[in-house]
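Colleague: generate coordinates for the sequence data below:
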Amino acid sequence: MLSGADIICFSSIDWDFVWQGHQQIMAALAESGNRVLFIENTGVRAPGVRDLPRVKQRLVNWWRGTKGFRQQQERLFIYSPVILPFPYARVARWINRWLMRQALQRWMRAAQFYRPIVWTYLPTPLILDLIQELEPALTVYHCVDDLAASSPAARRINRTETQLLRDADLVFVTSEKLRQRAESLNRYVHLIPGGVDFKGFTQVRDSADQVPEDLRGLARPVMGYVGGIHQWIDQGLLAAAADRLPQVSFVLIGPCQADVSKLARHPNVRLLGPRSHEDVPRYIKGFDVGLVPYRASTYTACVYPTKLNEYLAMGIPVVSTDLPEVRRFNVEHGGVVSIAQGTEEFVAAIRDALTKNSPEAVRERIDVARRNDWTRRIERMSQLIEERLAARRAAPLRWEESLRRLYRSARWQFARTLLAVGLIYAALFYSPLLWWVAEPLRMASPSASADAIVVFAGGVGESGKAGGGYQERVKRAVDLYHEGRAPRVIFVSGYTFVFQEAEMMKELAVGHGVPGKAIILETRPKNTIEDVLTVRDSLRRQGWRTILLVSSPYHMRRAVWTWRKLAPEIRVIPAPVTKNAFYVHRHGASLEQIHGILHEYAGIVYYWIKGWI
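Modeller: Below you'll find the model as predicted:
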């Protein structure tokens, strides 16, 4: 058995879905000493309304993990990715590739996963992209279904599946038709059908445990089916059989993935819903006959019903519709399964199966199941993987491949850098991001009476231009004065360009009706800290205790905090300029505005370091 390897499995189902070969194989590989990352289904089609419960469960799975990752058992990890649900849209594919690559690279670094084996059940464009990114030691494509035939929306998968079949180092298929198609594209194709946990089923079969209570109360005999109740189940056939056999109970165990109203109205049909993997053998033990009631279609022509071996492991007879893989199974195992075409044959086969429960027949069925044990299947796959790994290690790495890897790495590094630059550019210049960031700088209080109106002029200020913005601050102070908020105005500026800024502010205020005797000038300060210290001393000399502080809206936070630190006895009422031309914007920001906001945050950090706030 393969051991000591790191394996990334891209699954076509979720871990908590009906237990199938996906979970069985990966759990067994983890138990045998390999580390396995099981990545839940990323989809082969866009989801519809009926998929909403699965979408909800995916979000729950992501939330209960760490960024979507969780540990299921020793050496087995589950990843529940949350991505855009459009598997063939180019933009979505590009975004999803980036999201998953980033998540996987981080997790692999944390878990020290290097050159893993990639085992994929999905041949979607996204998975092919990720396989290239991961540069695996070996790529295994496990083809268990004709995915292109599963739905009209999934037909677009043909092109990438063809590419994966060509590129994979090893291909496992579960049916003859899948083998024929794969062998036309790849030399390393092996037909390995599904199996059964023979040991686990044998323990239940030979134990004294009773069948589940919800089976014990049913009329016997019981015809049972285990698996998803999906579009490939022939509900018309089952309904007709239930009508013709009213004394027989028909039991279906599994999640309902289609409209089952046709079956539900029959009194002898029971839809029990999904049951845990551990309980499935106990339910099959309570069946008298196991059913495989699939419709004939392009899709089911490639299906190998794994439940065949589960029924046989419990020793019960099996009745199936006419499927190519069931016919092949009978050729290999001596007609152990009854095959029926149409309702009459199906009903007749059920009646006949009820008479074939001799000890010899039971032993034959169990012996067939033993030959199809999962342990044998997985050992065979492990052997083939080890052989291909050995062959790849022995082959020298061609310089062309090494060069391609280097260029691929450089290309994605450039793409990441370009994307980051583009996002930053758009966020700064075409979105309100800067203004959300700047909002905490703003402070304002309802205007109240004060001893003085203190105006901090700007000098070159945030605009970097001489005299920028002082007119707005003078206008704000004049309005407050005329409202009667304070009997005096203090203009604070030590800046001189052609004329002294404080004098120009006084002349402007006088021109707007403020008496010259009501204006005080402080012409020594050169910055905010000096503004506060100078005015603080003046206020203390005059015994004034309350001020209305006027400055630009985004400078107000730093100014008020400085006042609170250096003059806690002064009550400061922030009254910033209400209309500031420099900060006029629609959505994004200009370089000058970005510089102004960053200047304020840098000032706050600097003042904090100096102990001024």
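Colleague: does Val318 really touch Ser338, like I thought?
Modeller: Yes - checked against CB atoms under 8 Å, the pair Val318 and Ser338 is within contact range at 6.7 Å. Just so you know, the C-beta spots here come from the backbone N, C-alpha and C atoms, and that holds for glycine as well.
Colleague: please name the residues that touch the nearest residue to Phe456 once chain neighbours are set aside.
Modeller: Across the structure, with CB to CB, 6 or more residues apart in numbering as the measure, the residue nearest Phe456 apart from its sequence neighbours is Ser551 (4.4 Å). If a contact means CB atoms under 8 Å, 6 or more residues apart in numbering, then Ser551 has Val455, Phe456, Gly458, Arg473, Ala559, Pro576, Val577 as its contacts.
Colleague: ranking by neighbours, what's the top pick from these?
Modeller: Of all these, Val455 has the most neighbours under the rule other CB atoms under 10 Å, reaching 30 neighbours.
Colleague: make sure that one is indeed in a strand.
Modeller: Yes - the assignment for Val455 is a strand, going by DSSP: H, G, I helix; E, B strand; the rest coil.
Colleague: give the bridge partners for it, please.
Modeller: In this structure, Val455 bridges to Phe491, Val550 when assessed by DSSP bridges.
Colleague: give the closest residue to the most centrally placed residue in the chain in space, chain neighbours not counted.
Modeller: Among the residues of the chain, the smallest C-alpha distance to the mean C-alpha position (CA atoms, centre = their mean) belongs to Val82, namely 1.7 Å. Here the nearest residue to Val82 in space, its sequence neighbours aside, is Trp62; by CB to CB, 6+ apart that works out to 4.9 Å.
Colleague: the one you found should be in a helix, yeah?
Modeller: Yes - according to three-state DSSP, the state of Trp62 is that of a helix.
Colleague: list the contacts for it?
Modeller: Trp62 is in contact with Gly68, Ser80, Pro81, Val82, counting by CB under 8 Å, 6+ apart.
Colleague: top of those by number of neighbours, please.
Modeller: Neighbour counts for those (other CB under 10 Å) peak at Ser80, which has 24 neighbours.
Colleague: any idea how far it is from Gln112?
Modeller: In this structure, Ser80 lies at 22 Å from Gln112, with CB to CB, to the nearest Å as the measure.
Colleague: on that earlier part again, anything in contact with each of Val318 and Ser338?
Modeller: In terms of CB under 8 Å, 6+ apart, Val318 and Ser338 are both contacted by the residues Ala353.
Colleague: for burial, what's the neighbour tally of Val91?
Modeller: As a burial measure, the neighbour count of Val91 was computed by other CB under 10 Å and equals 9.
Colleague: elements contacting the helix or strand containing it?
Modeller: Mapping Val91 onto the secondary structure by DSSP states H and E places it in helix 90-111. Contact here means 3 or more CB pairs under 8 Å, 6 or more residues apart in numbering; DSSP states H and E; on that basis helix 90-111 packs against strand 35-39, strand 76-79, helix 125-134, helix 399-429.
Colleague: show me which residues of that helix are buried.
Modeller: Of the residues in helix 90-111, those with enough neighbours to count as buried (16 or more other CB atoms under 10 Å) are Ala92, Arg93, Asn96, Arg97, Trp98, Met100, Arg101, Ala103, Leu104, Trp107, Met108.
Colleague: in this structure the third one contacts Ile127, no?
Modeller: Read it as Asn96. No - under the criterion of CB under 8 Å, Asn96 lies out of contact with Ile127, with a separation of 10.3 Å.
Colleague: just how off-centre is the helix holding Val91 within its chain?
Modeller: On the basis of CA atoms, centre = their mean, to the nearest Å, helix 90-111 is displaced by 10 Å from the centre of the chain it belongs to.
Colleague: centre of the chain to the next helix or strand after that helix, how far?
Modeller: The C-terminal neighbour of helix 90-111 among helices and strands, as given by DSSP H and E, is strand 117-120. Relative to the mean C-alpha coordinate of its chain, strand 117-120 is positioned 20 Å out (CA atoms, centre = their mean).
Colleague: ditto for stretch 517-533
Modeller: Going by CA atoms, centre = their mean, the spacing between the C-alpha centre of stretch 517-533 and its chain's C-alpha centre is 57 Å.
Colleague: buried sites along that stretch?
Modeller: When burial is assessed from 16+ other CB under 10 Å, stretch 517-533 yields the following buried residues: Ile519, Ile520, Leu521, Glu522, Pro525, Thr528, Ile529, Asp531, Val532, Leu533.
Colleague: greatest separation within those: which pair is it?
Modeller: The widest separation within the buried residues of stretch 517-533, taken as CB to CB, falls between Ile519 and Ile529 and amounts to 23.3 Å.
Colleague: one step back: okay, and the common contacts of Asn96 and Ile127?
Modeller: Thr42.
Colleague: any idea how far Leu238 lies from Gly596?
Modeller: Shown here: Leu238 relative to Gly596, a distance of 74 Å by CB to CB.
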